[in-house]
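*Asks:* How does the following fold in three dimensions:
(2 chains)
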Amino acid sequence: MSAAVRLRELTKSYRQVQAVRRVDVSIARGETVALLGPNGAGKSTTIDMLLGLTPPDTGEVELLGRSPREAVDAGLVGAMLQVGDLVRDLTPRELLSTVASLYPEPLRVKDVIQLVGIEGVADRRTQKLSGGESQRVRFALALIGDPQVLVLDEPTAGMDVMSRNAFWLAVRRYAAQGRTVLFATHYLEEAEEFADRVVLMARGDVVADGATSEVRARVGHKTIRATLPGTDVESLLLLPSVLGAENRGSAVRMSTSDSDETLRALLAEYPDVRDIEVTGAGLEEAFLELTEAVPA
Amino acid sequence: MSTWAYTRLELLRTSRNVRFMFFSLGFPLLLYFLIAGPNRHEQSFGDTHIPIPLYFMVTLASFGTMTGMVTTGARIAFERTVGWTRQLRVTPLSAAGYFRAKLITAYSTAVITIVLVYSAGLVLGVSMPAGRWFAMTGLILVGLAPFAALGITLGHLLDSDAVGPAAGGTVSLLAFVSGTWFPIDSDSVLHLFAQWLPSYWLVQASHISLGGAAWGVRGWAVVIGWTAILTATAVAAFRRDTQRV
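*Replies:* Prediction:
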């Protein structure tokens, strides 16, 4: 069976800027993947190429073994794009039933209305909806065709906490039916909480790709915090495996590539050190580390 | 799968836009009464042998519908700005389904405009054999085709700020050089130029009232030629317009 998504050596430049360089990602059916990265990392451009909205300069896109256009025409894809508003003078129900009729085997409109939680506003004109309600309608539009692959570009931007929770619940239910979900986000918590796998992008490159826990583990660095009055940064940097250090008053903080080695030396040299705390890097640290390691 | 669903949605949406309907239907009527009302007994406008109420009935039906067609562009530009066009592109809606919706909506508004302006014409005493009414309406509808394509082209090429002035300017200019407000002298330089414009032939539809054909070979050729050219540009503009706006 072909992969849900296959991106081969994708590149795209806009004038002087290389938005995406040699992106090579394959997503199996049933996976939930987060495309994570700061603004300008090339996430939206990658998604645009994935959906056939932007032709790549070089490289190839396959969606369920077909070209993006074929997959979209066959109704296999649902997408919620980053910038988007609804056209006015219509109700969510009218929009949904129209878009539903474009797909070969759509879901029932009332089921989707319920799933995304817009029962209360389904018959209100779109211009009278709140930002969060519009987002949910757009999500409903992505779902209505019962697609095999669901693509969401920064779906929760502009949603309040309640909408966000309801949204992820719906995404999870959808993914649980064996569907493939790819979402772009710059919220680390979202990637950590909702994805099986993280593809981390920075400046157009994929800088890490793997299970969420793996990506975190790729950064083996740990942080040591301790109370140690009267020490300067220079002498801390002399300790083995220390990569960086800072002190604020009596509190010191070091990042180390081998915390065991650093700790032994620290205790030997500074017997009065107190309140030692060792923490592993979260996805946040992994994110900063990996995205900053790429040369501009 | 329904191929007409999107057309239905567009018609519904347009009919609910009260301001749009009010201005696109109201202005031609208002202008008609202002211009033709005071001169309604004039039996030949210039040396055309066409009574003023009839002449302006046709020019305002033409001008009003032409404006309506090009205004489609403003609506498209707006849909692009809010990202709706891109949203449609990730659904199975075909290009044909999209164009059909735009064309049918634009033509529906045009037909309502024509009916209203004709009614106003009847009020001011326009009369013709039924066959000529139909032939004239047919010519106007055919003559609008290039403008429908022009509207779609502008909508996909320009952003929502630029499209208003561009559409308004184009229509005013075309109306001015095409004999909308005054008959063009047949041996003037303007006439030589105007004959190559589809808007000139749109206005010429009023000559049906005198009996005989209003267009001739050149008229048909100009209208069909422009329709072909502008349809090609509309399709090209639609195809390349997939970027975020």
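
*Asks:* contacts and neighbour counts: CA atoms only from here.
*Replies:* OK.

*Asks:* ranges for the helices of the chain?
*Replies:* Picking chain A for this. A:43-50, A:68-73, A:92-100, A:109-115, A:131-143, A:161-176, A:188-194, A:212-218, A:233-237, A:259-269, A:283-292 (DSSP state H).

*Asks:* please go with chain B instead
*Replies:* So, for chain B - with DSSP H - the helices run B:5-16, B:18-36, B:52-81, B:84-89, B:95-123, B:130-143, B:145-157, B:160-177, B:189-194, B:198-204, B:216-240.

*Asks:* Show me the one of the ones you listed that comes nearest A:G132.
*Replies:* helix B:84-89 (17.0 Å; CA to CA).

*Asks:* So the closest one, near chain A or not?
*Replies:* Yes - residues of helix B:84-89 contacting chain A under CA under 8 Å from any CA of the partner chain: B:W84, B:R86, B:Q87, B:R89.

*Asks:* quick one: least confident helix or strand in chain B?
*Replies:* Least confident helix or strand of chain B, by mean pLDDT, DSSP states H and E, is helix B:189-194 with a mean of 81.

*Asks:* So what touches that helix?
*Replies:* B:V177, B:S178, B:I184, B:D185, B:Y200 (CA atoms under 8 Å, 6 or more residues apart in numbering or on different chains).

*Asks:* ok, of these, which come out buried?
*Replies:* If you count burial by 16 or more other CA atoms under 10 Å in any protein chain shown, the buried members of the contacts of helix B:189-194 come out as B:V177, B:S178, B:I184, B:Y200.

*Asks:* Contact residues of chain B facing chain A?
*Replies:* Counting by CA under 8 Å from any CA, the positions of chain B adjacent to chain A are B:1-3, B:5-6, B:9, B:12-13, B:16-17, B:79, B:82-84, B:86-87, B:89-94, B:242-244.

*Asks:* Show me the shaky parts of chain B.
*Replies:* B:1-2, B:212, B:243-245 (pLDDT under 70).

*Asks:* any idea how far chain B is from A:V20?
*Replies:* Relative to chain B, A:V20 is positioned 15 Å away (CA to the nearest CA, to the nearest Å).

*Asks:* In contact with that residue, which residues are there?
*Replies:* A:V20 neighbours (CA under 8 Å, 6+ apart): A:L10, A:T11, A:K12, A:S13, A:A41, A:G42, A:T45, A:T46, A:R203, A:G204, A:D205.

*Asks:* Close to chain B as well: tell me which of those residues qualify.
*Replies:* Of these, not one also sits near chain B (CA under 8 Å from any CA).

*Asks:* For these, please prepare a markdown table with the additional fields neighbour count and pLDDT.
*Replies:* Output for those, formatted as a markdown table (neighbours: other CA atoms under 10 Å in any protein chain shown; pLDDT from 0 to 100):
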| residue | neighbour count | pLDDT |
| --- | --- | --- |
| A:L10 | 22 | 91 |
| A:T11 | 23 | 92 |
| A:K12 | 23 | 91 |
| A:S13 | 15 | 90 |
| A:A41 | 22 | 84 |
| A:G42 | 25 | 88 |
| A:T45 | 23 | 91 |
| A:T46 | 26 | 93 |
| A:R203 | 23 | 82 |
| A:G204 | 24 | 87 |
| A:D205 | 22 | 87 |
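
*Asks:* Pick out whichever of these sits closest to chain B.
*Replies:* A:T45 (9.6 Å; CA to the nearest CA).

*Asks:* any idea how far the residue nearest in space to the middle of chain B lies from B:T72?
*Replies:* What sits nearest the mean C-alpha location of chain B, by CA atoms, centre = their mean, is B:M66, with 2.2 Å. Between B:M66 and B:T72 the distance is 10 Å, computed by CA to CA, to the nearest Å.

*Asks:* for A:G120, same thing?
*Replies:* Taking CA to CA, one finds A:G120 at 33 Å from B:T72.

*Asks:* Looking at the two, which is more packed in?
*Replies:* The residue with more neighbours, out of A:G120 and B:T72, is B:T72; 25 against 10, by other CA atoms under 10 Å in any protein chain shown.

*Asks:* thinking again about what came up before, ok, now which ones touch the residue nearest to the centre of chain B?
*Replies:* Neighbour list for B:M66: B:L144, B:F147, B:V171 [criterion: CA under 8 Å, 6+ apart].

*Asks:* okay if I get those as a markdown table plus neighbour count?
*Replies:* Formatted as a markdown table, the contacts of B:M66 follow (neighbours: other CA atoms under 10 Å in any protein chain shown):
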| residue | neighbour count |
| --- | --- |
| B:L144 | 27 |
| B:F147 | 25 |
| B:V171 | 21 |
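
*Asks:* Relative to A:R138, which of the residues you listed is nearest.
*Replies:* Top of the list for closeness to A:R138, among these and by CA to CA, is B:F147 at 32.7 Å.

*Asks:* Show me how to select, in ChimeraX, the buried members of the residues of chain B next to chain A.
*Replies:* Entered in ChimeraX, the line below selects the buried ones among the residues of chain B next to chain A, by 16+ other CA under 10 Å:
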select /B:3,5,6,9,13,79,82,83,84,86,87,89,90,91,92,93,242,244
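
*Asks:* from memory A:V33 sits against A:L182, does it?
*Replies:* Yes - using CA atoms under 8 Å, A:V33 is in contact with A:L182, at 4.9 Å.

*Asks:* re earlier: tell me which of the contacts of A:V20 fall in strands.
*Replies:* Among the contacts of A:V20, the members found in strands (DSSP state E) are A:L10, A:T11, A:K12, A:S13, A:D205.

*Asks:* what about B:R132, how many neighbours?
*Replies:* Using other CA under 10 Å, B:R132 has 18 neighbouring residues.

*Asks:* residues contacting it?
*Replies:* Neighbouring residues of B:R132 by CA under 8 Å, 6+ apart: B:I208, B:S209, B:G211.

*Asks:* I'd like to know how far the second one sits from A:P271.
*Replies:* Pointing back at B:S209 there. Note on B:S209: its distance to A:P271, by CA to CA, is 109 Å.

*Asks:* and if you look at B:Q87?
*Replies:* To A:P271, B:Q87 is 64 Å away according to CA to CA.

*Asks:* contacting residues around residue 183?
*Replies:* I went with chain A, as the question did not name one. Going by CA under 8 Å, 6+ apart, A:F183 touches A:T32, A:V33, A:A34, A:L35, A:V151, A:L152, A:D153, A:E154, A:P155.

*Asks:* The intended chain is chain B.
*Replies:* B:F45, B:G46, B:T48.

*Asks:* possible to save the residues you listed as CSV with neighbour count?
*Replies:* As requested, the contacts of B:P183 are exported to CSV (neighbours: other CA under 10 Å):
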residue, neighbour count
B:F45, 17
B:G46, 14
B:T48, 15
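
*Asks:* Kindly reformat those residues as TSV and extend each row with distance to A:M254.
*Replies:* Shown next, in TSV, are those (distance: CA to CA, whole Å):
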residue	distance to A:M254
B:F45	93
B:G46	93
B:T48	94
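
*Asks:* So which of those sit within strands?
*Replies:* Among the contacts of B:P183, none falls in strands (DSSP E).

*Asks:* Verify the stated contact: B:A205 with B:G219.
*Replies:* No - B:A205 is not in contact with B:G219 according to CA under 8 Å; the separation is 10.0 Å.

*Asks:* Can you pick out the residue with more neighbours from these two?
*Replies:* For B:A205 and B:G219, the more surrounded residue by other CA under 10 Å is B:A205, and the numbers stand at 23 against 20.
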